[in-house]
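Colleague: this is a predicted model, with the sequence first.
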Amino acid sequence: MQNRDLEAYRIFQKMGDLPQFEQDFYQTGYYRDDQGHTVASYDTDDYKNPEYYNTGAQAFVSGALDPHMEQQYTGQFFQPVMLSGTVGSRELGINFDHIWQKTLTVLNPFKPADGNIMNETDLTGPVLFCVALGFTLMMAGKAHFGYVYGISATACTGMYILLSVMSSVAVAYGCVASVLGYCLLPMVALSTFAVFHSLQGVLGSVLALFGICWCSLSASKIFISTLAMEGQQLLVAYPCALLYGLFALVTVF
């Protein structure tokens with residue numbers, strides 16, 4: 001019984017010394033374990049001292065700016081190369097060179113047409129020529145924008161159906177509209193002449209007939225070269241002449 005009381009007394013004494021051990025542990029800077037390794041303990045009062053942060057920041061900056069750690073970049077810098085042509089035309093999908101080539105083909109009815117250039121659904125030139133025709137008619141005192149757009153849409157649909165029946169090659173509606181729109185250029189010139197001189201007379205009739213022949217000959221030439229319709233130019237030129245005859249009537253009267 002005495003041995004048990006003595007053992008209980010020793011356990012109680014060790015439990016009483018535990019808070020003193022914890023207090024001594026945090027007050028001392030280092031302690032050594034059984035294997036002889038030194039482990040550093042951090043005092044909670046160091047975090048309240050501003051010098052602790054200043055010392056750590058200076059050590060980090062000095063290490064980051066160490067000239068021995070800097071390495072010079074020996075590679076090549078990327079330099080963008082500008083492509084040929086304007087940036088705006090590339091983004092909008094407008095090829096001004098093709099527009100110019102098509103315009104020259106229309107202005108020279110006897111020049112062979114390039115099927116690769118003409119077989120494109122480019123509507124930039126046709127829209128500009130339609131707007132120019134409506135503007136010149138308005139300058140001559142004839143506000144016929146509705147007639148111009150209405151005749152153009154109806155004519156493109158009719159020519160598309162006709163060429164689809166006549167040609168053995170697949171016909172695109174955009175290609176038909178593009179060709180008919182580019183070949184409207186002589187009518188724009190006739191309408192521009194009407195701004196300065198009246199076309200109601202012999203001179204006007206001759207110029208209107210000349211413009212109709214010019215437009216229909218250019219359009220039929222482009223269609224037969226693009227759609228492989230050799231020997232059918234007169235058959236294609238006839239409906240084209242009817243179409244541009246309507247534009248001539250609107251321009252003269």
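Modeller: Great, that's in hand. Numbers count the residues shown, from 1 in each chain.
Colleague: which residues touch residue 224?
Modeller: 230, 232, 233, 236 (CB atoms under 8 Å, 6 or more residues apart in numbering). Heads up, the C-betas are built off the backbone N, CA and C, glycines and all.
Colleague: so which of these is the most crowded?
Modeller: residue 236 (23 neighbours; other CB atoms under 10 Å).
Colleague: how many other residues sit next to residue 187?
Modeller: Residue 187 has 26 neighbouring residues, counting by other CB under 10 Å.
Colleague: point out where this protein drops to low pLDDT.
Modeller: Applying pLDDT under 70 to the chain picks out residues 1-93, 115-119.
Colleague: how about residues contacting the helix or strand where residue 248 lies?
Modeller: Taking DSSP states H and E as the criterion, residue 248 maps to helix 233-252. Around helix 233-252, the neighbours that count as contacts under CB under 8 Å, 6+ apart are 133, 137, 142, 144, 147-148, 151, 155, 158-159, 162-163, 166, 180, 183-184, 187, 190-191, 194, 199-200, 204-205, 208-209, 211-213, 215-217, 219-221, 223-224, 229.
Colleague: against residue 138, how distant is the nearest residue to residue 122 once chain neighbours are set aside?
Modeller: Using CB to CB, 6 or more residues apart in numbering and skipping the chain neighbours, the partner closest in space to residue 122 is residue 178 (5.2 Å). Separation of residue 178 from residue 138 (CB to CB, to the nearest Å) stands at 24 Å.
Colleague: those two: which is more packed in?
Modeller: residue 178 (24 against 14).
Colleague: would you confirm that residue 109 belongs to a strand?
Modeller: No. Counting by DSSP: H, G, I helix; E, B strand; the rest coil, residue 109 is not part of a strand but coil.
Colleague: what is the burial count for the closest residue to residue 204 other than its chain neighbours?
Modeller: Leaving aside its sequence neighbours, residue 204 sits nearest to residue 252 (CB to CB, 6+ apart; 5.5 Å). For residue 252, the count of nearby residues is 19 (other CB under 10 Å).
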